[in-house]
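S.K.: Predicted coordinates and the sequence they were generated for:
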Amino acid sequence: MKRRAAGLGLALAGLLAGCGGLGTPPAHRYFVLDVAPTRLAAGALQRDAMLLVASTTASSFYDTQEIIYSRRSGERAYYQLSSWTEPPNRSVATLLAARIARTGAFRGAVETVSGVRGGLLLRTHLVELYHDAASPPGLARVMLTAELSDSAGRTLLAQRSFSGSAPVATYDAAGAVQGLGQALGPLLDEVAGWAAQAAASAR
């Protein structure tokens with residue numbers, strides 16, 4: 001009887017272990033950085049020059065596909081099982097060039113990787129892009145620095161820091177992604193407007 005009870009116990013333990021192994025682990029989700037539509041309208045030509053937009057740089061912590069959040073001041077962490085399809089800073093230059101081109105302030109605005117020659121160069125650096133979750137559901141925060149120079153990058157014409165934020169609807173990675181897109185769009189419009197004004201003033 002004791003041997004039979006022990007056998008039944010082992011069989012039950014094996015069955016429970018097997019059932020535990022049948023659970024489907026949560027899937028890893030990948031998000032596209034979808035920014036808010038531009039509010040800029042085409043205006044008059046302010047500088048008859050081609051503007052080159054350099055690839056946006058970022059520190060190693062932000063040059064990643066990981067989605068970043070913070071629950072305490074001075075601390076940052078990565079969301080688990082949720083990532084960007086590509087590091088956000090790699091999308092910024094493309095989005096920014098398109099927004100600047102739409103303003104009509106320059107003869108054109110293209111990325112430096114296009115191989116097109118231009119008279120002005122715009123460099124940007126992504127300082128921060130994260131979900132500030134200290135007070136749920138939190139805020140999406142973005143900070144960017146910009147430098148406008150001649151095409152060789154030897155003469156600095158203007159520089160400025162930009163920051164923006166947007167409320168996050170849900171206390172999770174999906175909410176963070178939506179909020180960051182809403183925060184980044186207007187900030188890029190601000191950079192585009194500043195670049196046009198700075199170029200016009202530097203004549």
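M.R.: That came in fine, so what should we check first?
S.K.: got the residue ranges for the strands in the protein?
M.R.: With DSSP state E applied, the chain shows strands at 29-31, 47-53, 57-58, 66-70, 77-84, 106-111, 120-132, 139-150, 156-167, listed in chain order.
S.K.: Now do the contacts for residue 92.
M.R.: Applying CB atoms under 8 Å, 6 or more residues apart in numbering to residue 92 gives the contacts 56, 124, 126, 144, 184, 188. From N, CA and C alone the C-beta is placed, and that goes for glycine too.
S.K.: Need the strands of the chain in TSV (columns: mean neighbour count and distance to residue 196).
M.R.: Compiled in TSV, those are given as follows (neighbours: other CB atoms under 10 Å; distance: least, CB to CB, whole Å):
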stretch	mean neighbour count	distance to residue 196
strand 29-31	15	31
strand 47-53	21	7
strand 57-58	18	22
strand 66-70	20	31
strand 77-84	16	29
strand 106-111	19	7
strand 120-132	21	11
strand 139-150	20	10
strand 156-167	15	11
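S.K.: May I see those organised as TSV, with distance to residue 38 added?
M.R.: Below are these laid out as TSV (distance: least, CB to CB, whole Å):
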stretch	distance to residue 38
strand 29-31	21
strand 47-53	15
strand 57-58	22
strand 66-70	24
strand 77-84	21
strand 106-111	13
strand 120-132	16
strand 139-150	16
strand 156-167	14
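S.K.: Give me the most central residue, the protein.
M.R.: Centroid check for the chain by CA atoms, centre = their mean gives residue 88 as the closest residue, at 3.5 Å.
S.K.: can you tell me how far the closest residue to it other than its chain neighbours sits from residue 182?
M.R.: Of all residues not flanking residue 88 in the chain, residue 33 sits nearest, at 5.1 Å (CB to CB, 6 or more residues apart in numbering). According to CB to CB, to the nearest Å, residue 33 and residue 182 sit 11 Å apart.
S.K.: Check the offset of stretch 31-44 from the chain's centre.
M.R.: 14 Å (CA atoms, centre = their mean, to the nearest Å).
S.K.: Oh, that last question was meant for stretch 58-73, not what I typed.
M.R.: Counting by CA atoms, centre = their mean, stretch 58-73 comes out at 10 Å from the chain centroid.
S.K.: ok, residue 164 - contacts?
M.R.: 141-142, 183-184, 186-187, 190.
S.K.: what's across from the spatially closest residue to residue 106 that is not a sequence neighbour in the sheet?
M.R.: In this structure, residue 106 finds its nearest non-sequential neighbour in residue 51, 4.4 Å apart by CB to CB, 6+ apart. Residue 51 has these beta-bridge partners by DSSP bridges: residue 109, residue 120.
S.K.: Would you mind confirming that residue 51 is in contact with residue 109?
M.R.: Yes - applying CB atoms under 8 Å as the test, residue 51 and residue 109 come out as touching, 4.4 Å apart.
S.K.: so what pLDDT did the residue lying closest to residue 198 once chain neighbours are set aside get?
M.R.: Nearest non-adjacent residue to residue 198, counting by CB to CB, 6+ apart: residue 158, 3.7 Å away. Note for residue 158: predicted pLDDT of 96.
S.K.: Identify the bridge partners of residue 158.
M.R.: residue 148.
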